[in-house]
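> pasting a predicted model and its sequence here:
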Amino acid sequence: MNITVEKLRFEDARAVIDFEKENRAYFERMVPSRGDDYYYFDNFILRHEQLLNEQSKGLSYFYLIRETNGEVLGRVNLIDIDRSQKSGHIGYRVGEKHTGQGVACKALHILIDNLSKDGFTKIFAKTTNNNLASQKVLEKNDFQKLGQSDDDFIMNGEKLSFVHYLWTK
């Protein structure tokens with residue numbers, strides 16, 4: 001599968017909300033819900049504009065993972081950018097029908113390569129201890145496991161904690 005990783009644009013709003021709606025139940029099995037209001041287009045477009053504003057200031061970068069035919073397969077975000085430390089925190093999500101196809105691994109590889117060329121030397125990531133697929137994606141992209149958080153939380157009736165990772169150049 002050929003994919004691209006492209007910075008989020010205003011014109012992407014409809015494709016993103018459709019992707020999020022299509023995958024809502026799937027994502028909410030792994031991450032806390034964004035709430036019903038997120039999925040109303042008028043609310044969504046305001047949030048979309050806020051993300052683009054944050055991106056224009058260089059505080060965070062938001063990307064879409066696309067098939068070469070333009071279909072949105074997933075999203076990747078780099079947030080909490082610290083230029084002085086040449087670092088940021090990465091997160092990603094791939095739509096349910098595209099899991100198990102290497103999409104997340106390929107997208108993360110493309111993005112890490114681009115961020116490295118842009119001078120980033122440290123990228124942090126975290127995932128839940130039960131998300132073994134995400135842990136494998138990070139490890140395949142040379143992220144080193146730093147450890148597991150002592151702070152537990154309950155999500156969907158399951159006691160979880162975060163596993164922290166770091167990529168360095």
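Perfect, thanks for sending it. Note that the structure is predicted; figures quoted are calculated from it, not measured.
> low-confidence ranges, the protein, go.
Of all residues in the chain, none has pLDDT under 70.
> ok, longest strand in it?
Longest strand of the chain, by residue count under DSSP state E: strand 72-82.
> packing partners for it?
Packing partners of strand 72-82 (3 or more CB pairs under 8 Å, 6 or more residues apart in numbering; DSSP states H and E): helix 13-28, strand 61-67, strand 87-94, helix 103-117. (C-beta placed from N, C-alpha, C; glycine too.)
> list the buried residues in the third one.
For strand 87-94, a neighbour-count test (16 or more other CB atoms under 10 Å) marks 87-90, 92-94 as buried.
> closest to residue 2 among these?
residue 94 (15.2 Å; CB to CB).
> chain neighbours aside, what residue packs nearest to the closest one?
Nearest residue to residue 94, sequence neighbours excluded (CB to CB, 6 or more residues apart in numbering): residue 74, at 3.7 Å.
> surely that neighbour meets residue 95?
Yes. Taking CB atoms under 8 Å as the definition, residue 74 is a contact partner of residue 95 at 5.9 Å.
> ok so, going back, so how far is the longest strand of the chain off the chain centroid?
Centroid displacement of strand 72-82 relative to its chain, using CA atoms, centre = their mean, to the nearest Å, is 5 Å.
> got a list of what the residue nearest to the spatial centre of the chain touches?
Centrality entry for the chain: nearest residue to the mean C-alpha point is residue 92, 1.9 Å, by CA atoms, centre = their mean. Contacts were defined as CB atoms under 8 Å, 6 or more residues apart in numbering; by that measure residue 92 touches 65, 74-77, 104, 107-108, 134, 137.
> list the contacts of residue 99.
Contacts of residue 99 by CB under 8 Å, 6+ apart are residue 133.
> correct me if wrong: residue 138 contacts residue 125.
Yes. Contact status for residue 138 versus residue 125: in contact at 5.5 Å, counting by CB under 8 Å.
> coming back round to it: do you know which of the helices and strands packed on strand 72-82 lies nearest residue 148?
strand 87-94 (16.9 Å).
> gap between the helix or strand where residue 163 lies and the chain center?
Using DSSP states H and E, residue 163 maps to strand 162-168. Relative to its parent chain, strand 162-168 has a centroid offset of 14 Å by CA atoms, centre = their mean.
> then that strand to CSV, C-alphas only?
Only the C-alpha atoms of strand 162-168 are listed here, as CSV (Å, rounded to 0.1, in the frame of the first residue of the first chain):
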residue,chain,number,x,y,z
PHE,A,162,0.7,4.4,30.0
VAL,A,163,3.9,3.0,28.5
HIS,A,164,6.3,5.8,27.6
TYR,A,165,8.7,5.8,24.6
LEU,A,166,11.5,8.0,23.2
TRP,A,167,13.0,8.2,19.7
THR,A,168,16.4,10.0,19.4
